[in-house]
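> Pasting the sequence and the predicted coordinates here, then a few questions.
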2 protein chains.
Amino acid sequence: MGDIVDQMATKPHDKLAARFAAKLASVDGLIRARMESRHAPRIPQVTAHLVGAGGKRLRPMLTLAAAEICGYQGDNDEKLAATVEFIHTATLLHDDVVDESSQRRGRATANLLWDNKSSILVGDYLFARSFQLMVETGSLRVLDILADASATIAEGEVLQLTAARDLATTEDIYLQVVRGKTAALFSAATEVGGVIAGAGDAQCRALHAYGDALGIAFQIADDLLDFQGDSGATGKNIGDDFRERKLTLPIIKAVAQADDAERDFWRRTIEKGDQREGDLDHALALMQGHGALDAARDDALDWARCAGASLKELPAHPVRDMLADLADYVVSRVA
Amino acid sequence: MGDIVDQMATKPHDKLAARFAAKLASVDGLIRARMESRHAPRIPQVTAHLVGAGGKRLRPMLTLAAAEICGYQGDNDEKLAATVEFIHTATLLHDDVVDESSQRRGRATANLLWDNKSSILVGDYLFARSFQLMVETGSLRVLDILADASATIAEGEVLQLTAARDLATTEDIYLQVVRGKTAALFSAATEVGGVIAGAGDAQCRALHAYGDALGIAFQIADDLLDFQGDSGATGKNIGDDFRERKLTLPIIKAVAQADDAERDFWRRTIEKGDQREGDLDHALALMQGHGALDAARDDALDWARCAGASLKELPAHPVRDMLADLADYVVSRVA
């Protein structure tokens, strides 16, 4: 995949950011305006801390890109881009409470700086604000898509909570969790861009499929990087997920092929959380022995290809090419 | 107000429940169906615990009543009734986490039975489900009203968090908090009933005003009952709010008239939380001395009258009379 790495001299994300610089500035303006609260200054404080913390605005760019490819003229794409970023920010606030996180994007989390209560309630406020923004577009279909995405996100989060550390977790459950965590908002972000542009059903379905596959590829790659990444590039230490007893895809695949002794190992380290010196190396050896890392990598590449293939339904467009590059890029980190 | 007490031989709430028994059964069916989750059984467990816990379905009845008065034929009123109950349930789940409550309606709270994480995420799920339900009505105006109500609710909750125990809290801030806590969902519940019935603007505004005033009257009465209620009837002990250092309306009014020594008292008991034997009695004496309890009672009665007056904009209807009785009833407890 050397050619892809070369193309990435400018990362596809940066190309998109350059292409949509003006619109992204408007989106940021909307976000700033709508996170204000006349009565409760805690709201913009918490929100600014998170929104300002170097987020990549990936979801807003997906909406702007989809609208542009489908020929949209207008500014509802900016409202929807701000909408998806608000939904994303709301889920991050709640996630950090649920995960008891103390760091995000290299900064202290809001639940640490203020308290869990503020994170919960400001998250609720941002979700309500996102809801107001999308209503302003006047499109019931957009509302329908974002309502479904919101339900999938919340359901996935609950599922993740209850399936956590349970060795009975299947790849199906994993996929459902990943859709909630990442793919549902990606696919809604791209689909609503097509919908407001008046794209046909096949194109809207293709945009949805692209976002869904991109999100899944992204998440599997993230799982893999935990076992083979370069901590300087990812900001994570090798094995963090293992130490946090997360059942990521490579582990699920290794557990599915485990013999009795191996199951005992996974039960002890993941279910019971009794981890000792050398366990991470042993886990890696088990995953390699069963080809679980390679299989997960193949899955990630398949999903990225699926994302790329979905784009063929859309009109040829330089932004379409950027989205194709983006799908390749998210897995190039593990290819 | 003896005549009102007589009319209350059957409480207005019970009359409404009898009148809408069939529709309320459909609403309960919708709630049960929509709280299901194919993937995450924790969701219906948590929801059923709360929804089944003897809630009075007051908000759903307000929607059904408003739609009926305005001549609605159809079943979107049931969807919206389930919607407002879901929003209400979602806010209760988050409130109980924020307030660290262990009891609600005489039962252990979900955050105690399961954990805070489940309460946060299931609350998010119910909010998303409510959003799906309201989209199904196909009315952008309904979505607009409920989006605004959601933002007011969340903003009020954040405001309550930051204004808590701050003696600088004014009656204006108090009203804003009460609108978030109670009145915004009451007024949205009544207004959307009129909107789906195709009622004119003046009637929809009147329905909004009724719900708003009813919610405020209800909340002020609740504040008063904390200082003069019969714990058997309210399920609360006299002075619970005081012990929890809540700046309710009677205290805000007393603080506004406090001399230096009295301010010191309020600062110690409410701001610092240093409460001693006899403080509750002293607080009651201060409020009585300044006529704060009487003034709060007058406010509650004014809001109830305002609710009743709003109804005059609506067509004469037996259900309209029940809503008028309901407004009298919520303050009859303190009159």
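All right, it came through fine. Remember, predicted model here, so these are calculated numbers, not experimental data.
> Buried ones in the helix or strand that A:V319 is a member of, by neighbour count?
Following DSSP states H and E, one finds A:V319 within helix A:318-332. Neighbour counts over helix A:318-332 (16 or more other C-beta atoms under 10 Å in any protein chain shown) mark A:319-320, A:322-332 as buried. The C-beta positions use only the backbone N, C-alpha and C, and glycine is treated the same way.
> how about stretch A:109-129: buried residues?
The neighbour-count check on stretch A:109-129 (16+ other C-beta under 10 Å) flags A:109-112, A:114, A:116-129 as buried.
> Need the residues that contact the helix holding A:V319.
For helix A:318-332, the external contacting residues (C-beta atoms under 8 Å, 6 or more residues apart in numbering or on different chains) are A:1, A:4-5, A:7-8, A:11-13, A:15-16, A:19, A:62, A:65, A:68-69, A:210, A:213-214, A:217-218, A:221, A:300-301, A:303-305, A:307-308, A:311, A:314.
> again, but for stretch A:297-310
For stretch A:297-310, the surrounding residues in contact (C-beta under 8 Å, 6+ apart) are A:206-207, A:209-210, A:213-214, A:216-217, A:220-221, A:224, A:249, A:324, A:327-328, A:330-331, A:334-335.
> and those, which are buried?
Buried among these by 16+ other C-beta under 10 Å: A:206-207, A:209-210, A:213-214, A:216-217, A:220-221, A:224, A:249, A:324, A:327-328, A:330-331, A:334.
> mind checking how far the closest residue to chain B within the stretch 201-335 of chain A is from A:A164?
Nearest residue of the stretch 201-335 of chain A to chain B: A:E244, at 14.6 Å (C-beta to the nearest C-beta). According to C-beta to C-beta, to the nearest Å, A:E244 and A:A164 sit 9 Å apart.
> Equivalent analysis for A:K181, please.
Distance, A:K181 to A:A164, by C-beta to C-beta: 12 Å.
> which one of the two has more residues nearby?
Ranked by neighbour count (other C-beta atoms under 10 Å in any protein chain shown), A:K181 and A:A164 place A:K181 first, with 21 against 16.
> Which residue is the nearest non-sequential neighbour of the more buried one?
A:G156 (5.7 Å; C-beta to C-beta, 6 or more residues apart in numbering or on different chains).
> Point me to the helix or strand that includes that neighbour.
Taking DSSP H and E as the criterion, A:G156 maps to helix A:140-163.
> can you give me how far that helix is from the chain middle?
The chain centre lies 13 Å from the centre of helix A:140-163; the measure is C-alpha atoms, centre = their mean, to the nearest Å.
> now stretch A:64-76
22 Å.
> Spell out whether that stretch and chain B are in contact.
No: Stretch A:64-76 is not in contact with chain B by C-beta under 8 Å from any C-beta of the partner chain; minimum separation 13.6 Å.
> That stretch: end-to-end distance?
Terminal residues of stretch A:64-76 are spaced 10 Å apart (C-alpha to C-alpha, to the nearest Å).
> Give me the contact list for it.
With C-beta under 8 Å, 6+ apart as the criterion, stretch A:64-76 contacts A:16, A:20, A:23-24, A:26-27, A:77-78, A:80-81, A:136-137, A:139, A:189-194, A:196-199, A:203, A:207, A:314-315, A:317, A:319-320, A:322-323.
> In helices, which of the residues you listed appear?
If you go by DSSP state H, those have A:16, A:23-24, A:26-27, A:77-78, A:80-81, A:136, A:189-194, A:196, A:203, A:207, A:319-320, A:322-323 in helices.
> who's in contact with the residue nearest to A:K181?
If you count contacts by C-beta under 8 Å, 6+ apart, A:G156 has them with A:Q176, A:V177, A:V178, A:R179, A:G180, A:K181, A:A184, B:H39.
> make it 6 Å
Neighbouring residues of A:G156 by C-beta atoms under 6 Å, 6 or more residues apart in numbering or on different chains: A:V177, A:R179, A:G180, A:K181.
> so what pLDDT did it get?
pLDDT, A:G156: 91.
> likewise A:T234?
Reported pLDDT for A:T234: 54.
> Just checking the distance from stretch A:167-184 to the centre of its chain.
Relative to the mean C-alpha coordinate of its chain, stretch A:167-184 is positioned 12 Å out (C-alpha atoms, centre = their mean).
> How about exporting that stretch as CSV, limited to the C-alpha atoms?
Extracted C-alpha coordinates of stretch A:167-184, given in CSV (Å, rounded to 0.1, in the frame of the first residue of the first chain):
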residue,chain,number,x,y,z
LEU,A,167,-16.2,-13.7,27.2
ALA,A,168,-19.5,-14.8,25.7
THR,A,169,-19.4,-11.6,23.6
THR,A,170,-19.7,-12.5,19.9
GLU,A,171,-18.6,-10.7,16.8
ASP,A,172,-22.2,-9.8,16.2
ILE,A,173,-22.4,-8.1,19.6
TYR,A,174,-19.1,-6.4,18.9
LEU,A,175,-20.4,-5.0,15.6
GLN,A,176,-23.5,-3.7,17.3
VAL,A,177,-21.4,-2.0,19.9
VAL,A,178,-19.1,-0.5,17.3
ARG,A,179,-22.1,0.8,15.3
GLY,A,180,-23.3,2.5,18.5
LYS,A,181,-19.9,3.8,19.4
THR,A,182,-18.8,5.1,16.0
ALA,A,183,-20.5,3.9,12.9
ALA,A,184,-24.1,5.1,13.6
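> got the buried residues for that stretch?
Residues A:169, A:173-184 are the ones in stretch A:167-184 that count as buried (16+ other C-beta under 10 Å).
> With stretch A:136-143 instead?
For stretch A:136-143, a neighbour-count test (16+ other C-beta under 10 Å) marks A:T137, A:S139, A:L140, A:V142, A:L143 as buried.
> State the distance from the second one to chain B.
By that I understand A:S139. Distance, A:S139 to chain B, by C-beta to the nearest C-beta, to the nearest Å: 9 Å.
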